[in-house]
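Peer 1: sequence? don't have it. structure:
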Ligand code: G6P
């Protein structure tokens, strides 16, 4: 989720690159850097924001250059890991957005062939591959290098002695901005809106050679004629990628987040966590600790571990954990935190560490405080999450939990195979829900008129109900409670009636029969009922006032589809009520006090 930029023209490139890089910084980057072709390649980069980098730079003459704002994935934020990255000769510089899944293998091969690496990044293999294949034509060398790469990329390459930018994309956005005797390359339209609103969108598999007067786009060696588009966004809108709110943008990013996170784990040579290195005896049980939305991921984690690893597991609130007994030496402990900075989670981790326990953390932020405390970090690839209400980080955390459980599962090979196949289908299924958002927005219109709402679920859908209620209350300010469906009759029944809608999460797993009975009980008390049901469920419509249909999945993966539908429901309800969705009152993205 980095930002990339390229410029070639007649003006001095340095101020243009810095301005474009600053335009990309709304995502919250941790490092920045640029390279300019001025006879040779000059690179300046560090783990600082763009304005700090700008202060440190000398004036560099040159009319072609590339820039990058980094959100650390492979390797902590540091000068060495910041982009651009160069080959051994220092003549080739490159900026990259994406994940190279086979970088370990490539790095080993290239090292054996005499290449020296200076960073921990996956990206650095690319300039070295280009160097290896370079025989006087940069475009051909890039083409040859890309044939060896598995993974996603948007990249721009610059060579000291060739007046051009070579750009390519696969599964990561890239645009070319058209100017007058100058051209731009960017990962995102907002980066270049100060200079032009005429753009060409590169598609997967396309490679372009950009000079100041010309753009040549090719795919598999064939020259393509690309359509020019006029962008009508304002700068402010465009920073949200055209979405009205970051929350909606982040909800929509989930197919990619799932693909990136899983792709990363699938490519790992080592297991995701080496429990045997962390505990001398085999694990007897597992404990997850977390806060907020991450706590709900922890609760889903309990069901995932119990189903796939067949050991007991539990999720606990980090803020309550200090009042509990320490877990046994044979308990595997995993903290979950998007930011890696939540004070209650850090405090629980420190207490565990103080008692000699090994702690693993699942986090979205490289080099966060949590990963410094933990013995091992499992990173998720959600990218920067700006909206206070967590959405894509939750889905990414679930991917980490599924992969963790599968790595320790004893399921037979054919079941394992079918689970992995199903996991790989999830981006597509989530996209189906996103494509159905108009129907969900209609339900939201209906829901927005009420002041109190219950969300109910059973089994693995119970934490989904908790998360659905949390999303709704934090962004729409409607009082919402998540409940285990079987518990409604032990109190909340007193509140049911025409003014209290209930949202029932009803996948057709082995909880469905009991859930259907609960739905009937609710309807008998005249509460409006919205059901989240799988496609093909013909009967639920007879009981529910509204049905949100989600794609069918393996029962253990149903939280992914259901949560995305509930995120959209919360978003559109809040929008209907005119709430400040990205920054709800009194809430903060990262809570650094206990
Ligand atoms: C805050 C945020 C929530 C988040 C919680 C835990 O309350 O508003 O969205 O779920 O912190 O954050 P963490 O970074 O530890 O996952």
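Peer 2: Sure thing, it's come through. Computed from a prediction, not measured in an experiment: that's the story for all the values here.
Peer 1: give the helix, strand or coil label for the nearest residue to residue 187 once chain neighbours are set aside.
Peer 2: For residue 187, ignoring the flanking residues on the chain, the nearest one in space by Cβ to Cβ, 6 or more residues apart in numbering is residue 4 at 4.5 Å. In short, each C-beta sits where N, CA and C put it, glycine included. Per DSSP: H, G, I helix; E, B strand; the rest coil, the local secondary structure of residue 4 is strand.
Peer 1: show me what residue 4 is bridged to.
Peer 2: In this entry, residue 4 is beta-bridged to residue 68, by DSSP bridges.
Peer 1: show the backbone phi and psi for whatever residue of the stretch 251-400 of the chain ends up closest to the ligand.
Peer 2: Across the stretch 251-400 of the chain, no residue is closer to the ligand than residue 292, which sits at 2.7 Å (Cβ to the nearest ligand atom). Phi and psi for residue 292, reported as degrees, to the nearest 10, are phi 60, psi -140.
Peer 1: wait, doesn't it sit right on residue 470?
Peer 2: Yes. Using Cβ atoms under 8 Å, residue 292 is in contact with residue 470, at 7.3 Å.
Peer 1: tell me where the stretch 101-250 of the chain has helices.
Peer 2: Taking DSSP state H, counting those that start in this stretch as the test, the helices found in the stretch 101-250 of the chain are 103-112, 125-133, 138-147, 235-239, 246-252.
Peer 1: now tabulate those in CSV and tack on mean pLDDT and distance to the ligand.
Peer 2: Listed next are these as CSV, based on pLDDT from 0 to 100; distance: least, Cβ to the nearest ligand atom, whole Å:
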stretch, mean pLDDT, distance to the ligand
helix 103-112, 96, 28
helix 125-133, 98, 31
helix 138-147, 96, 36
helix 235-239, 64, 21
helix 246-252, 95, 11
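Peer 1: what number of residues lie near residue 225?
Peer 2: As a burial measure, residue 225 scores 5 neighbours (other Cβ atoms under 10 Å).
Peer 1: and the closest residue in space to residue 405 that isn't next to it in sequence, what does it touch?
Peer 2: Excluding its sequence neighbours, the residue lying closest to residue 405 (Cβ to Cβ, 6+ apart) is residue 308, at 4.0 Å. Listed by Cβ atoms under 8 Å, 6 or more residues apart in numbering, the contact partners of residue 308 are 405, 406, 408, 409, 411, 419, 556.
Peer 1: test my guess that the third one contacts residue 304.
Peer 2: So the one you mean is residue 408. No. Applying Cβ under 8 Å as the test, residue 408 and residue 304 come out as separate, 10.8 Å apart.
Peer 1: higher neighbour count, the two?
Peer 2: For residue 408 versus residue 304, the count of surrounding residues by other Cβ under 10 Å is larger for residue 304: 24 against 18.
Peer 1: okay, buried residues for the helix or strand where residue 344 lies please.
Peer 2: Secondary structure assignment for residue 344, by DSSP states H and E: helix 343-354. Along helix 343-354, these residues count as buried under the neighbour rule (16 or more other Cβ atoms under 10 Å): 343, 344, 345, 346, 347, 348, 349, 351, 352.
Peer 1: any chance of those in JSON lines, plus pLDDT and distance to the ligand?
Peer 2: Below are those laid out as JSON lines (pLDDT from 0 to 100; distance: Cβ to the nearest ligand atom, whole Å):
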{"residue": "343", "pLDDT": "87", "distance to the ligand": "9"}
{"residue": "344", "pLDDT": "93", "distance to the ligand": "8"}
{"residue": "345", "pLDDT": "95", "distance to the ligand": "5"}
{"residue": "346", "pLDDT": "93", "distance to the ligand": "9"}
{"residue": "347", "pLDDT": "93", "distance to the ligand": "12"}
{"residue": "348", "pLDDT": "96", "distance to the ligand": "11"}
{"residue": "349", "pLDDT": "96", "distance to the ligand": "11"}
{"residue": "351", "pLDDT": "95", "distance to the ligand": "16"}
{"residue": "352", "pLDDT": "95", "distance to the ligand": "16"}
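Peer 1: out of the residues you listed, which two sit at the greatest distance?
Peer 2: In terms of Cβ to Cβ, the buried residues of helix 343-354 reach their longest pairwise distance at 343 and 352, which sit 15.1 Å apart.
Peer 1: who touches residue 46 in this structure?
Peer 2: Neighbours of residue 46 in contact, by Cβ under 8 Å, 6+ apart: 31, 32, 33, 52, 53, 56, 79, 82.
Peer 1: pretty sure the residue nearest to residue 187 is touching residue 175, no?
Peer 2: No. Judged on Cβ under 8 Å, residue 4 makes no contact with residue 175 at a distance of 10.4 Å.
Peer 1: anything in contact with each of these two?
Peer 2: Common contacts of residue 4 and residue 175 (Cβ under 8 Å, 6+ apart): 185, 186, 187.
Peer 1: residue 223: neighbour count?
Peer 2: For residue 223, using other Cβ under 10 Å, the count is 8.
Peer 1: in the sheet, who's paired with it?
Peer 2: Beta-bridge partners recorded for residue 223 (DSSP bridges): residue 218.
Peer 1: distance of it relative to the ligand?
Peer 2: Counting by Cβ to the nearest ligand atom, to the nearest Å, the gap from residue 223 to the ligand is 48 Å.
Peer 1: surely that residue and residue 216 touch.
Peer 2: Yes. Between residue 223 and residue 216 there is a contact under Cβ under 8 Å: 6.7 Å.
Peer 1: that older thread, which of the contacts of residue 308 count as buried?
Peer 2: The buried subset of these (16+ other Cβ under 10 Å) comprises 405, 406, 408, 409, 411, 419, 556.
Peer 1: pLDDT value on the last one, please?
Peer 2: According to the per-residue confidence, residue 556 scores 97 in pLDDT.
Peer 1: so who does it touch?
Peer 2: Residues in contact with residue 556 (Cβ under 8 Å, 6+ apart) are 303, 304, 307, 308, 402, 419, 460.
Peer 1: list the contacts of the second one.
Peer 2: Shown here is residue 304, whose contacts under the criterion Cβ under 8 Å, 6+ apart are 398, 401, 402, 405, 460, 556.
Peer 1: just to be sure, it is in a strand?
Peer 2: No. Residue 304 is assigned helix when assessed by three-state DSSP, not a strand.
Peer 1: let me know the pLDDT of residue 594.
Peer 2: Note on residue 594: pLDDT of 66.
Peer 1: any idea how far the closest residue to residue 588 other than its chain neighbours is from residue 471?
Peer 2: Among residues not flanking residue 588 along the chain, residue 388 sits closest, at 6.8 Å (Cβ to Cβ, 6+ apart). Separation of residue 388 from residue 471 (Cβ to Cβ, to the nearest Å): 11 Å.
Peer 1: more neighbours: those two, which one.
Peer 2: Set residue 388 next to residue 471 and count neighbours by other Cβ under 10 Å: residue 471 wins out with 29 against 18.
Peer 1: which helix or strand contains that one?
Peer 2: Following DSSP H and E, one finds residue 471 within helix 461-476.
Peer 1: so how far is that helix from its chain's centroid?
Peer 2: Centroid separation for helix 461-476 versus its chain: 20 Å, with Cα atoms, centre = their mean, to the nearest Å.
Peer 1: for stretch 362-381, same thing?
Peer 2: 15 Å.
Peer 1: kindly report the same for stretch 509-516.
Peer 2: How far stretch 509-516 lies from its chain's middle: 32 Å, per Cα atoms, centre = their mean.
Peer 1: now stretch 474-487
Peer 2: 26 Å.
Peer 1: more neighbours: which of residue 4 and residue 175?
Peer 2: Remark: of residue 4 and residue 175, residue 4 carries more neighbours, 31 against 22, as counted by other Cβ under 10 Å.
Peer 1: per-residue confidence for the more buried one?
Peer 2: We have a pLDDT of 93 for residue 4.
Peer 1: in contact with it, which residues?
Peer 2: Going by Cβ under 8 Å, 6+ apart, residue 4 touches 66-68, 83, 95-97, 154-156, 174, 185-187.
Peer 1: hmm, the host helix or strand of residue 561 in reach of the ligand?
Peer 2: Using DSSP H and E, the element containing residue 561 is helix 558-576. No. Against the ligand, helix 558-576 shows no contacts by Cβ under 6 Å from any ligand atom, the least distance being 11.8 Å.
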